[in-house]
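[1] coords please:
(one chain, ligands or ions: 1)
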Amino acid sequence: MTEAMLQIRDLAKSFGGVEAMRGVSLDFPAGSLTAIIGPNGAGKTTFFNLISGAIRPDAGSVKLDGEELVGLSSLQVVRRGMTRAFQVASIFPDMTMEQSLVAAVTAHRGELFSMLRRAPLPEAQARAGEIMDLLGLTPRAKALSRNLSHGEQKLLDIGLALALDPKVLLLDEPTAGMGAEERWRMIEKVHALWEGTDLTVIFIEHDMDIVFQIAQSIDVLSYGQVLAKGTPEEIKRNQDVIDAYLGQDHHHVATEGA
Ligand SMILES: Nc1ncnc2c1ncn2[C@@H]1O[C@H](COP(=O)(O)OP(=O)(O)OP(=O)(O)O)[C@@H](O)[C@H]1O
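    Model (predicted):
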């Protein structure tokens, strides 16, 4: 059997007396699109912090393409091929979208460019162009960051993550803070990006309609443990998940003809 692109084993982390992650083991096959869901405080953000090297686990293993990541810094994790989209698009308000992406590609590939003794700009511009195409941002290439809509800024954040040439892309609530219509536009772009590349995409999302619509598989966390994992159909019918999460009033449950 081939190993998953990302293989997590027995991941654990406590903050003082709080066991935020209690032995989580999950596999993410190459090219998969997975949603991480769960009630508030379930450990979703902690999970991303642990696997991306932002914080160090007390125990466990995180293997990317067979290589152990635990103990590496965030930067080293990025270099190995796992990148998280952060809210950084607004840091350089007077740069255009294209300039921001060219700068990110150049920063990431700089070493390689100097080794090849080639001018970085045409290459970086070509890559920035590809990324804008993937995200449907090309018409906004010359727009200044400060003039981008919230949704466009979020897409640029994803673009900046793509500039780091990841194998695995982590998205922390890509639709947060958006209205219903903008959410769907956003998630359709994420879906198109996933379809158009061989990326392994893992996203945290609270909107269950979105999760059930686009995720290929779903991992449910609760109290720092894996409560369930499966296809959207399996998760919708899982009684533990319904009891722990989907039954809660404040979550949007896809009732699907019910
Ligand atoms: N740096 C920290 N120090 C202390 N406790 C923490 C820290 N980070 C997370 N926790 C605790 O760990 C648990 C899991 O939190 P986490 O933010 O990972 O959950 P979450 O599933 O992302 O929640 P939400 O959906 O509300 O974002 C919570 O009890 C939280 O209070």
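[2] What's the local residue count around K13?
    For K13, the neighbour count with other C-beta atoms under 10 Å is 22. C-beta here means a position set from N, CA and C on the backbone, and glycine is covered the same way.
[3] mind checking the SS state of the spatially closest residue to it that is not a sequence neighbour?
    The shortest distance from K13 to any residue that is not its chain neighbour, by C-beta to C-beta, 6 or more residues apart in numbering, is 4.3 Å, and that residue is M21. When classified by DSSP: H, G, I helix; E, B strand; the rest coil, M21 comes out as strand.
[4] likewise V77?
    In terms of secondary structure, V77 is helix; the call rests on three-state DSSP.
[5] what's near enough to touch the closest residue to it other than its chain neighbours?
    Closest residue to V77 in three dimensions, ignoring its sequence neighbours and counting by C-beta to C-beta, 6+ apart: G53, at 4.0 Å. G53 makes contacts with L69, L72, S73, S74, L75, Q76, V77, as judged by C-beta atoms under 8 Å, 6 or more residues apart in numbering.
[6] Just the closest of those residues to F15, please.
    Looking at the contacts of G53 and their distance to F15, the nearest is S74, at 18.5 Å (C-beta to C-beta).
[7] Check the gap between the closest one and the ligand for me.
    Summarising the geometry, the distance separating S74 from the ligand, computed by C-beta to the nearest ligand atom, to the nearest Å, is 15 Å.
[8] Give the full set of residues in contact with that residue.
    For S74, counting by C-beta under 8 Å, 6+ apart, the contacting residues are S52, G53, A54.
[9] quick one, what contacts the first one?
    Translated: S52. Contact partners of S52, counting by C-beta under 8 Å, 6+ apart, are S74, V77, M82, R84, L170.
[10] Any chance you could list what contacts stretch 102-111?
    In contact with stretch 102-111 (C-beta under 8 Å, 6+ apart) are residues 92, 95, 113, 120-121, 123-125, 127-128, 131, 159-160, 163-165.
[11] Show the buried residues in those residues.
    Neighbour-count burial (16 or more other C-beta atoms under 10 Å) is assigned, among those, to 95, 113, 120, 123-125, 127-128, 131, 159-160, 163-164.
[12] Counting neighbours, which bits of the host helix or strand of E234 end up buried?
    Assigned by DSSP states H and E, E234 belongs to helix 232-236. For helix 232-236, the buried set under the neighbour-count rule, 16+ other C-beta under 10 Å, comprises P232, I235, K236.
[13] How about stretch 174-193?
    Using 16+ other C-beta under 10 Å as the burial criterion, the residues of stretch 174-193 that qualify are P174, T175, M178, R183, W184, M186, I187, K189, V190, H191, L193.
[14] Residues contacting that stretch, please?
    Under the contact criterion C-beta under 8 Å, 6+ apart, stretch 174-193 has outside partners 33, 85, 134-136, 150-151, 154-155, 158, 162, 171, 199, 201, 203, 205-207, 210, 213-214.
[15] Next: stretch 39-50.
    Against stretch 39-50 from outside (C-beta under 8 Å, 6+ apart): 11, 13, 20-21, 24, 36-38, 54-57, 60, 62, 84, 170, 172, 204, 221-225, 244-245, 248.
[16] So which of these would count as near the ligand as well?
    Among these, proximity to the ligand is found for A20, G38 (C-beta under 6 Å from any ligand atom).
[17] Please list only the buried members of the contacts of stretch 39-50.
    With neighbours counted using 16+ other C-beta under 10 Å, the contacts of stretch 39-50 contain these buried positions: 11, 13, 20-21, 24, 36-38, 57, 60, 62, 84, 170, 172, 204, 221-222, 224-225, 244-245.
[18] So which of those residues sit within helices?
    When DSSP state H defines the helices, the subset of the buried ones among the contacts of stretch 39-50 inside them is empty.
[19] does the residue in the stretch 51-200 of the chain that the ligand sits nearest to sit in a helix, a strand or a coil?
    With C-beta to the nearest ligand atom as the measure, I55 is the residue of the stretch 51-200 of the chain nearest to the ligand, at 7.3 Å. When states are read from three-state DSSP, the local structure at I55 comes out as coil.
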